[in-house]
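Undergrad: predicted structure and sequence below. I'll ask about it afterward.
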Number of protein chains: 2
Amino acid sequence: MEAKAFPMNGGDGAYSYTKNSQFQRASLNAAKDMIKEAIAEKFDITSLNSDTIRMADLGCSVGPNTFIAMQNVLEAMVDSNQTSKEFQVFFSDHVSNDFNTLFASLPPDRHYFAAGVPGSFHGRLFPKSSLHLVHSSYALQWLSEVPEELLDKSSVAWNKGRINYTSASEQVATAYATQFAKDMDIFLSSRADEIAAGGMMILIMPALPDEVHHSKLPAGVLFRFLEQSLTEMVKAGSITEAEVDSFNLPVYAPTPTEMTRLVERNGCFKVERIELTDPRAKFDGPLDITALIMHIRAGFEGILTKHFGSEIIDELFERTMNKSAEISTQLEASYSKGTQLLLVLKRK
Amino acid sequence: MEAKAFPMNGGDGAYSYTKNSQFQRASLNAAKDMIKEAIAEKFDITSLNSDTIRMADLGCSVGPNTFIAMQNVLEAMVDSNQTSKEFQVFFSDHVSNDFNTLFASLPPDRHYFAAGVPGSFHGRLFPKSSLHLVHSSYALQWLSEVPEELLDKSSVAWNKGRINYTSASEQVATAYATQFAKDMDIFLSSRADEIAAGGMMILIMPALPDEVHHSKLPAGVLFRFLEQSLTEMVKAGSITEAEVDSFNLPVYAPTPTEMTRLVERNGCFKVERIELTDPRAKFDGPLDITALIMHIRAGFEGILTKHFGSEIIDELFERTMNKSAEISTQLEASYSKGTQLLLVLKRK
């Protein structure tokens, strides 16, 4: 089954992902030094039995973050290894991703051969043992589908009135966790087929510190305010209650312990490094809530439009924008030390 | 220098390449059996030192012809070799090609991993020795640029009032041939870097039989009628004379002897097979001139729009459509035995 695809907003207009991905970029910067270190210590280019180093960014979206990330990885490789090898970088995302925009904005001075690969990473995308380094940043939180129980009125996990697990019952959270575990196993097994011996995987994703309850997730704050706006819109008659009941954002943030367990259970990769970082540490000054909401819009407009129709989007985000002050207060309080997970895995 | 890119019409509307590429498809069918034969005789999968067979279609446009062509090649390989190898197919065209449409229409039941590669084939696109089979159909006739002399009023090759060499002076034809020779040398050297030892290249392109003068080319008939329509439009005041004088379609059809000489001069490939075929042989009944003009529009609208602006396109093709009867008569007379060249080259 093809995984559900909800692409980031394409093009480069005001609501595009291209123009609204500065939060992911901050995360990228936070991870940059750790990635350099991991590659210097754990990735031995010279031992690879190939004249070409093949890298992939999974869930690349439309840039520019994917170019910056791949450049970082490539520099780390070249710095720590004198090499005459050539590099090929595969930018991969769902078929519905805007590859035209991605290709048009490829850095002209890149030192690699570029290719685009359309398809879901919840399945095979590349030939056997053909990759040496796989990178994925802020993509693995997307589930391949919404767990069925959430839509089943007779289930204890029916997610009435909620749009995610962060503000919902433990049963709903369990349904999300179970789906995530299933998706991760398919992801890891697919990559295990594709990554050559000695190859490495660098995963960056939102996460929940082990000791924190999921209701405290900063993303959860934003989801709750979106939820609130949707509830207001039901009252105002813009959408129906049933539409809200049947809508669930298929994103999930695991804990480090949970991820370690999933990788170990899968058995194909060795955990070289697992670390929580604080993406906010690199921000100066107060959070720009307007930018943050625009960012959420760029990321979720696709899935919201598919469910509710495009005509409600402006109202939804205007209503959410009006809650900026409240969102800001709750976000400042919610941010716990580390909500970004960096995971370095090596193919066994 | 980046080669000039004039993409086929994207999307799948009435004027799209997707809906107007049946003539290329006919050519594809004419070449199919010869390709199967060439692969069976000259391509030894088992001798290749790779678990993955990597193929590329250069100048793939948006489909569906590229999928049919790659499927033919793949079947020929699998039929003639029992193999457990996996296949990766790279679909390559200019950055401005509509890769979104291409990716959305990939055959769901394909037995290969697909990737898109944006860029000009007049230069490197892939890592060293990374490809095993390169295919290109009806793309090599595009020059990387219009030869300068054609725009130089002081040159004997100034191409006043003409839009191609097919109806122009011998000096203009020589300027085209010189540019084509330069482009082919860069093309062959780039592919020589990219194709592994034992790898093969299959090229299909419009060509001129050795004994025929270029003014007799069927494509030349169409260009002359386009030229006539443009001249009428100068008189009607829709465009200026200078605009017509400075416009040249950068497409060229070599003779088999000319191609053989260019391949030999380059020195990296051995000519395994070179053959002229008649793409019309597979057509039943009279030529559908309306479809043919639509086809020309899908292929050349990009470059015409860039030079003349989009507002003159409808008028230009309406005027040309009105000449259908005349075009038909001249085309029936012009078609010589073989105007499609199939070239099978092996990496030395």
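TA: Thanks, I have it. A quick note: this is a predicted structure, and the numbers were derived from the prediction, not measured.

Undergrad: need the residues of the stretch 101-250 of chain A near chain B, please.
TA: A:103-104, A:106, A:113-119, A:124-130 (C-beta under 8 Å from any C-beta of the partner chain). Where C-beta positions appear, they are placed from N, C-alpha and C, glycine not excepted.

Undergrad: could you list which of those residues belong to strands?
TA: Among these, DSSP state E puts A:113-118 in strands.

Undergrad: okay if I get these as CSV plus neighbour count?
TA: CSV is the format used below for those (neighbours: other C-beta atoms under 10 Å in any protein chain shown):
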residue, neighbour count
A:Phe113, 22
A:Ala114, 23
A:Ala115, 25
A:Gly116, 27
A:Val117, 23
A:Pro118, 23
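
Undergrad: would you turn the residues you listed into JSON lines with pLDDT?
TA: Output for these, formatted as JSON lines (pLDDT from 0 to 100):
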{"residue": "A:Phe113", "pLDDT": "98"}
{"residue": "A:Ala114", "pLDDT": "98"}
{"residue": "A:Ala115", "pLDDT": "98"}
{"residue": "A:Gly116", "pLDDT": "98"}
{"residue": "A:Val117", "pLDDT": "98"}
{"residue": "A:Pro118", "pLDDT": "98"}
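
Undergrad: the lengthiest strand in chain A pairs with which strands?
TA: Ranked by number of residues, the top strand in chain A under DSSP E is strand A:195-206. Note on strand A:195-206: by DSSP bridges, its sheet partners are strand A:131-137 (parallel), strand A:340-347 (antiparallel).

Undergrad: stretch A:189-198 spans what distance, first to last residue?
TA: One end of stretch A:189-198 sits 16 Å from the other (C-alpha to C-alpha, to the nearest Å).

Undergrad: for stretch A:252-260, that is, sorry about that
TA: 16 Å.

Undergrad: anything in stretch A:302-315 near chain B?
TA: No: applying C-beta under 8 Å from any C-beta, one finds stretch A:302-315 separated from chain B by no less than 14.4 Å.

Undergrad: residue contacts, the residue nearest to A:Asn266 when sequence neighbours are not counted?
TA: The shortest distance from A:Asn266 to any non-neighbouring residue, by C-beta to C-beta, 6 or more residues apart in numbering or on different chains, is to A:Leu188 (4.2 Å). A:Leu188 sits next to A:262-263, A:266, A:268-269 when contact means C-beta atoms under 8 Å, 6 or more residues apart in numbering or on different chains.

Undergrad: what of A:Gln171?
TA: A:149, A:155-157.

Undergrad: what's the farthest-apart pair in these?
TA: Distance extremes for the contacts of A:Gln171: the farthest pair is A:Glu149 and A:Val156 at 7.9 Å, using C-beta to C-beta.

Undergrad: for the two, indicate the residue with more neighbours.
TA: In terms of neighbours (other C-beta atoms under 10 Å in any protein chain shown), A:Glu149 is the more surrounded of A:Glu149 and A:Val156; the figures are 19 against 12.

Undergrad: please report the distance of the residue of the stretch 151-300 of chain A found nearest chain B from A:Phe90.
TA: Using C-beta to the nearest C-beta, the closest approach of the stretch 151-300 of chain A to chain B is made by A:Glu194 at 9.2 Å. A:Glu194 sits 10 Å away from A:Phe90, taking C-beta to C-beta, to the nearest Å as the criterion.

Undergrad: and what of A:Ser137?
TA: 15 Å.

Undergrad: report the contact partners of the residue of the stretch 151-300 of chain A closest to chain B.
TA: A:124-131, A:134.

Undergrad: one more time with 10 Å, if that's ok
TA: A:54, A:56, A:121, A:124-131, A:134, A:201, A:347, B:113 (C-beta atoms under 10 Å, 6 or more residues apart in numbering or on different chains).

Undergrad: the helices in chain A, which residues?
TA: Ranges of helices in chain A, per DSSP state H, are A:22-42, A:65-80, A:99-104, A:170-194, A:218-235, A:241-245, A:256-266, A:289-308, A:313-321, A:324-334.

Undergrad: thinking again about what came up before, quick check: neighbours shared by A:Glu194 and A:Phe90?
TA: Counting by C-beta under 10 Å, 6+ apart, the residues touching both A:Glu194 and A:Phe90 are A:54, A:56, A:125-126, A:130-131, A:134, B:113.

Undergrad: for the residues you listed, could you give me a markdown table that also reports distance to B:Met184?
TA: What follows is these, written out as a markdown table (distance: C-beta to C-beta, whole Å):
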| residue | distance to B:Met184 |
| --- | --- |
| A:Arg54 | 29 |
| A:Ala56 | 33 |
| A:Leu125 | 34 |
| A:Phe126 | 32 |
| A:Ser130 | 31 |
| A:Leu131 | 34 |
| A:Val134 | 38 |
| B:Phe113 | 30 |
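
Undergrad: ok, which pair from these is furthest apart?
TA: Among the shared contacts of A:Glu194 and A:Phe90, A:Val134 and B:Phe113 lie farthest apart (C-beta to C-beta), at 14.5 Å.

Undergrad: now do the end-to-end distance for stretch A:75-86.
TA: Start and end residues of stretch A:75-86 are separated by 13 Å (C-alpha to C-alpha).

Undergrad: mean confidence for that stretch?
TA: Mean per-residue pLDDT for stretch A:75-86: 81.

Undergrad: tell me if it is near chain B.
TA: Yes: using C-beta under 10 Å from any C-beta of the partner chain, stretch A:75-86 comes into contact with chain B via A:84-86.

Undergrad: now tabulate the residues you listed in JSON lines and tack on neighbour count.
TA: As requested, the residues of stretch A:75-86 next to chain B are arranged in JSON lines below (neighbours: other C-beta under 10 Å):
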{"residue": "A:Ser84", "neighbour count": "6"}
{"residue": "A:Lys85", "neighbour count": "17"}
{"residue": "A:Glu86", "neighbour count": "20"}
